[in-house]
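Participant: predicted model and sequence below, questions to follow.
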Amino acid sequence: MERYTIDDIPGDQPATMIDLEGRTPIIGVIYECAKHYSLYKPHARENARILLTKPVFREGRATRTWILEPDEIGSLAERLLQD
């Protein structure tokens, strides 16, 4: 089985950015979610999560997951917004 990781997520993959404090979700593509994340203040970044449409493998985890955590979103945003 091919290992689809965070580094393989394309900017045009559908996704939803959610906020653990209950703000309105952003439904779009990964690139849009990353762009919004880069504009957030630190407190909002801590509460942000991205729900994926295709699960990814993560270092140190036995199974694939559907949610990206803030540090992963930050890395993804850096990569996507550099292009």
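Facilitator: Thanks, I have it. Numbering: from 1, shown residues only.
Participant: determine how far the helix or strand hosting Thr16 lies from the middle of the whole chain.
Facilitator: Using DSSP states H and E, the secondary-structure element containing Thr16 is strand 14-19. Averaged C-alpha coordinates place strand 14-19 at 7 Å from its chain's average position (Cα atoms, centre = their mean, to the nearest Å).
Participant: then stretch 10-22?
Facilitator: Going by Cα atoms, centre = their mean, the spacing between the C-alpha centre of stretch 10-22 and its chain's C-alpha centre is 6 Å.
Participant: just the residues contacting the longest helix that the chain contains, thanks.
Facilitator: For the chain, the helix that runs over the most residues, judged by DSSP state H, is helix 70-82. When contacts are taken as Cβ atoms under 8 Å, 6 or more residues apart in numbering, the neighbours of helix 70-82 outside the stretch itself are 6-7, 9, 11, 30-31, 33-35, 37-38, 45-50, 68. C-betas here are computed from N, CA, C, even on glycine.
Participant: give me that answer again for 7 Å
Facilitator: In this structure, residues lying in contact with helix 70-82 by Cβ atoms under 7 Å, 6 or more residues apart in numbering are 6, 9, 11, 30-31, 34-35, 37-38, 45-46, 48, 50, 68.
Participant: how about stretch 11-25?
Facilitator: The contact list for stretch 11-25 (Cβ under 7 Å, 6+ apart) reads 26-27, 29-31, 33, 36-37, 47-54, 80.
Participant: on that earlier part again, what are the pairing partners of the strand holding Thr16, and which direction each?
Facilitator: Strand 14-19 has these partner strands in its sheet, going by DSSP bridges: strand 26-29 (antiparallel), strand 48-56 (antiparallel).
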